[in-house]
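Student: fold the following, please.
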Amino acid sequence: MSLITLREAQIAFGERPLLDGAQLAILDGERLGLIGRNGTGKSTLLAILAGLTPLDSGELARRNGLRLVLVEQEPQLPGADTLRDSLRLRGRSSVTSTEMQSGVAPADEREHWRMEARLEEYLHRFDLVGTASPETCSGGERKRAALALALAMQPDLLLLDEPTNHLDIEAIERLEELLLKVPAAVIISHDRAFLDRVTTRIIELDRGVLRSYPGSFSEYEQRKDEEIAAEDAARRRFEKFWAQEEVWIRKGVEARRTRNEGRVRRLQRLRQERASRRDRIGNLRLTLNSGERSGDLVAELDGVSKRFDGRPIVDTLSIRIMRGDRIGLIGANGAGKSTLIRLILGELVPDTGTVRLGARLAIAYFDQLRAQLDPDATLAEAISPGSDWVQVGNERRHIVSYLGDFLFPAQRAKAPIRMLSGGERNRLLLARLFAKPANLIVLDEPTNDLDIESLELLEERLQDYTGTLLLVSHDRRFLDNVVTQTLAAEGNGQWREYVGGYSDYLEQRPKPASGRTEAARPPAAVKSMSERSSGTTSSKVRLSYNEQRELAGLPEEIEALEREQTELIARISAPDYHRQGGEVLRDDRQRLDALEAQLQQRFARWEFLEEKRSRST
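Tutor: Residues are numbered from 1 along each chain as shown. The predicted structure is shown next:
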């Protein structure tokens with residue numbers, strides 16, 4: 001059943017429309033990933049769906065009684081003594097519905113206490129304390145608190161604007177698990193791993209038009225590549241045909257005598273079509289110049305420790321960073337990643353231990369707080385103070401031309417920085433960093449607010465960069481595509497180095513003695529492991545008759561489950577699948593989750609029986 005339907009939606013701010021005859025239907029059970037370039041109107045679309053922004057024209061239809069909750073990109077918490085009280089105040093104005101409900105106002109006392117219990121549960125899930133002061137909350141804590149409230153309110157449709165910004169990887173993965181259980185959601189995100197895990201359909205906002213791509217983000221990428229190739233081919237054919245007709249119309253007196261009016265009218269239509277056509281927004285043009293080579297040694301930390309208020313941030317860390325290393329730093333918010341960066345760069349003096357920097361270092365530092373940007377300065381002043389020119393490698397560029405490489409039009413060069421959005425500030429800071437040569441680049445959360453195409457271009461440039469890179473990021477796919485080493489915070493000031501990116505870290509990190517991995521094992525397998533470790537099991541343990549029959553039948557059972565899983569995935573990936581009823585979508589998703597759990601259990605059981613059989617021979 002359709003929850004919300006947009007028909008011929010039109011809205012414009014300035015010269016170009018953000019929605020231009022857009023069509024969209026959101027069905028029960030769907031989780032839509034809304035993507036598009038910065039500034040295309042994604043947040044405006046969420047505000048329209050929430051009823052906060054009216055359309056210029058078109059129709060917005062919502063199911064009667066539909067309850068919506070919107071979590072903004074930078075959620076604000078009302079003033080209150082405690083975080084819990086602040087969220088209660090926020091909750092009274094966070095829900096919208098076709099009956100114009102104002103908040104969660106529970107119908108009776110029991111529902112009020114159920115709501116309170118759910119809020120406490122989700123605050124706990126996001127590692128938040130309800131008695132904390134909202135005024136002291138960081139950006140990440142405010143985002144987690146707003147998400148906890150939204151989930152506790154159990155809306156029919158959840159609208160999320162960049163929910164992973166300011167969240168560490170553990171919180172992102174926890175949010176993924178929770179979103180898999182919501183009735184329906186529309187999510188703006190540039191985190192590709194997050195979109196791949198959570199969404200059932202990708203909606204792309206491109207030049208005012210909404211395009212639908214059923215399936216995961218990976219499937220969207222494949223289809224989008226094919227679509228762009230076809231669009232480029234069609235554009236080349238159009239340009240060639242239009243150019244031929246323009247030549248024909250200008251042929252002179254003899255041609256004018258023979259031309260027919262139908263062809264003239266067709267040329268007029270071609271001119272109108274070309275004038276109204278909205279070309280694809282350009283890509284960033286990034287050039288990284290590593291300049292003079294640094295020495296072989298970039299930095300060496302020997303027994304370095306650092307504490308704040310008695311809490312260990314770094315404890316006796318020894319590490320050597322060599323020229324060409326690409327190191328990713330990961331860990332929970334507050335683990336000390338930015339502090340460790342400052343220790344490495346020599347900006348912070350360690351309590352104990354020594355830091356030695358290499359020779360001929362030229363450092364470019366991308367600050368996640370954008371503290372390097374003066375909000376009252378203009379864009380041109382931020383790049384090249386006191387000059388209209390910037391030296392990029394061996395090329396001297398005018399500042400307006402250089403800003404154009406980062407998608408800033410010429411008229412924005414004299415605009416103050418305070419007028420920029422978050423994504424535009426990120427682009428400006430990248431422009432400032434890459435305007436000078438650097439053989440050591442430090443990027444602290446560079447992916448926040450950047451759209452997917454800009455992220456992928458930044459990845460490509462960093463892959464080709466010949467200098468040394470230190471990267472702090474919670475974008476798992478970005479880490480996998482860029483870094484060759486991972487430095488992970490493991491609690492109590494302990495840091496450990498792993499080879500490869502985030503996926504490699506997951507495979508190499510020590511497995512917990514107890515937890516989800518052990519809990520997922522069948523009881524028999526767990527018992528067997530404990531017996532073997534304690535030495536209470538004999539060297540030969542024979543399979544019982546029932547176990548032999550079970551082992552013989554497991555391959556066929558696993559094959560049947562995998563076959564059903566493949567067929568179900570194929571059905572979910574069909575182009576018209578989203579038109580199925582909400583009950584069908586929900587049942588299929590539940591069945592897919594159940595199949596995955598059964599397969600894990602069957603494989604674990606098969607492994608246990610095979611190992612037991614091998615010991616009996």
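Student: without its sequence neighbours, what residue ends up closest to residue 335?
Tutor: In space, and not counting its chain neighbours, residue 335 is closest to residue 489: 3.8 Å by CB to CB, 6 or more residues apart in numbering. Heads up, the C-betas are built off the backbone N, CA and C, glycines and all.
Student: partner residues bridging the one you found?
Tutor: residue 495 (DSSP bridges).
Student: can you map out the helices along the stretch 151-300 of the chain?
Tutor: Per DSSP state H, counting those that start in this stretch, the stretch 151-300 of the chain carries helices over the ranges 169-179, 192-198, 217-249, 253-258, 261-276.
Student: which stretch in those helices is the model least sure about?
Tutor: Mean pLDDT is lowest for helix 253-258 among those, at a mean of 49.
Student: show me which helix runs longest in this protein.
Tutor: helix 582-616 (DSSP state H).
Student: which helices and strands sit right next to that one?
Tutor: Counting contacts by 3 or more CB pairs under 8 Å, 6 or more residues apart in numbering; DSSP states H and E, helix 582-616 packs against helix 523-534, helix 545-572.
Student: any idea how far residue 425 lies from residue 419?
Tutor: Separation of residue 425 from residue 419 (CB to CB, to the nearest Å): 10 Å.
Student: re the thing from before, what's the least confident stretch among the helices and strands packed on helix 582-616?
Tutor: In terms of mean pLDDT, the lowest-scoring of the helices and strands packed on helix 582-616 is helix 523-534 (a mean of 35).
Student: lowest average confidence, helix or strand, in the protein?
Tutor: helix 523-534 (a mean of 35; mean pLDDT, DSSP states H and E).
Student: if we can go back for a sec, pLDDT on the longest helix of the chain, on average?
Tutor: 78.
Student: same check on stretch 465-483?
Tutor: Regarding stretch 465-483, the rounded mean pLDDT is 92.
Student: for it, list every residue counted as buried.
Tutor: Residues of stretch 465-483 classed as buried by neighbour count (16 or more other CB atoms under 10 Å): 465, 467-483.
Student: just stretch 12-26 next, same as before
Tutor: Applying 16+ other CB under 10 Å to stretch 12-26 flags 17, 18, 19, 20, 22, 24, 26 as buried.
Student: repeat that for stretch 83-90.
Tutor: 83, 84, 85, 86, 87, 88, 90.
Student: swap in stretch 209-226?
Tutor: Judged by neighbour count (16+ other CB under 10 Å), stretch 209-226 contains these buried residues: 210, 211, 213, 214, 215, 216, 217, 220, 224.
Student: what's the answer for stretch 154-170, then?
Tutor: Those would be 155-169, for stretch 154-170 by 16+ other CB under 10 Å.
Student: centre of the chain to that stretch, how far?
Tutor: How far stretch 154-170 lies from its chain's middle: 10 Å, per CA atoms, centre = their mean, to the nearest Å.
Student: among the buried residues of stretch 83-90, which ones are in helices?
Tutor: 83, 84, 85, 86, 87, 88, 90.
Student: wait, which of the residues you listed is closest to residue 328?
Tutor: residue 83 (31.6 Å; CB to CB).
Student: from what I can see the closest one touches residue 77, true?
Tutor: Yes. In this structure residue 83 lies within contact range of residue 77 using CB atoms under 8 Å: 7.4 Å.
Student: who touches both of the two?
Tutor: Counting by CB atoms under 8 Å, 6 or more residues apart in numbering, the contacts common to residue 83 and residue 77 are 134, 137, 145.
Student: can you confirm the last one is in a helix?
Tutor: Think residue 145. Yes. With DSSP: H, G, I helix; E, B strand; the rest coil as the criterion, residue 145 is part of a helix.
Student: neighbours of it, how many?
Tutor: Counted with other CB atoms under 10 Å, residues neighbouring residue 145 total 26.
Student: list the contacts for the spatially most central residue of the chain?
Tutor: Centre of the chain computed as the mean C-alpha position; nearest residue by CA atoms, centre = their mean is residue 191, 1.3 Å away. By CB under 8 Å, 6+ apart, the contact set of residue 191 is 164, 172, 447, 475, 476, 477.
Student: go again with 6 Å.
Tutor: By CB atoms under 6 Å, 6 or more residues apart in numbering, the contact set of residue 191 is 164, 475.
Student: likewise the one 4 residues further on?
Tutor: For residue 195, the contact set (CB under 6 Å, 6+ apart) comprises 33, 189, 217.
Student: switch to 8 Å and redo it
Tutor: 33, 35, 187, 189, 202, 216, 217.
Student: which helix or which strand is home to residue 312?
Tutor: strand 311-322 (DSSP states H and E).
Student: can you dump the C-alpha coordinates of the first helix or strand past that strand going along the chain into PDB?
Tutor: Counting by DSSP H and E, the element after strand 311-322 in chain order, helix or strand, is strand 326-330. Below are the C-alpha coordinates for strand 326-330, written out as PDB (Å, rounded to 0.1, in the frame of the first residue of the first chain):
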ATOM      1  CA  ARG A 326      48.400   5.200   3.800                       C
ATOM      2  CA  ILE A 327      47.100   4.800   7.300                       C
ATOM      3  CA  GLY A 328      43.500   4.800   8.300                       C
ATOM      4  CA  LEU A 329      42.600   5.600  11.900                       C
ATOM      5  CA  ILE A 330      39.400   4.100  13.300                       C
END
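Student: tell me the average confidence for strand 326-330?
Tutor: 95.
Student: give me the neighbour count for residue 397.
Tutor: Using other CB under 10 Å: residue 397 sits among 20 other residues.
Student: now it. Nearest residue, chain neighbours left out?
Tutor: Nearest non-adjacent residue to residue 397 (CB to CB, 6+ apart): residue 390, at 5.3 Å.
Student: is it true that residue 550 touches residue 606?
Tutor: No. Judged on CB under 8 Å, residue 550 makes no contact with residue 606 at a distance of 9.0 Å.
Student: how near is the residue nearest to the centre of the chain to residue 212?
Tutor: 20 Å.
Student: so where's the stretch 51-200 of the chain shaky on pLDDT?
Tutor: 93-109 (pLDDT under 70).
Student: report pLDDT for residue 283.
Tutor: 58.
Student: can you tell me which of the contacts of residue 195 are buried?
Tutor: Buried, going by 16+ other CB under 10 Å: 33, 35, 187, 189, 202, 216, 217, out of the contacts of residue 195.
Student: dig out what the closest residue to the third one other than its chain neighbours forms beta bridges with.
Tutor: In this structure, residue 187 finds its nearest non-sequential neighbour in residue 160, 4.6 Å apart by CB to CB, 6+ apart. The partner list for residue 160 in beta bridges (DSSP bridges) reads residue 71, residue 187.
Student: residue 175 versus residue 160, what's the distance?
Tutor: Distance from residue 160 to residue 175, by CB to CB: 9 Å.
Student: need the overlap of contacts for the two.
Tutor: What both residue 160 and residue 175 touch, as defined by CB under 8 Å, 6+ apart, is the set residue 147.
Student: circling back to that earlier point, need the buried ones among the contacts of residue 195 in JSON lines with distance to residue 130, can you?
Tutor: Below are those laid out as JSON lines (distance: CB to CB, whole Å):
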{"residue": "33", "distance to residue 130": "31"}
{"residue": "35", "distance to residue 130": "34"}
{"residue": "187", "distance to residue 130": "26"}
{"residue": "189", "distance to residue 130": "27"}
{"residue": "202", "distance to residue 130": "36"}
{"residue": "216", "distance to residue 130": "36"}
{"residue": "217", "distance to residue 130": "35"}
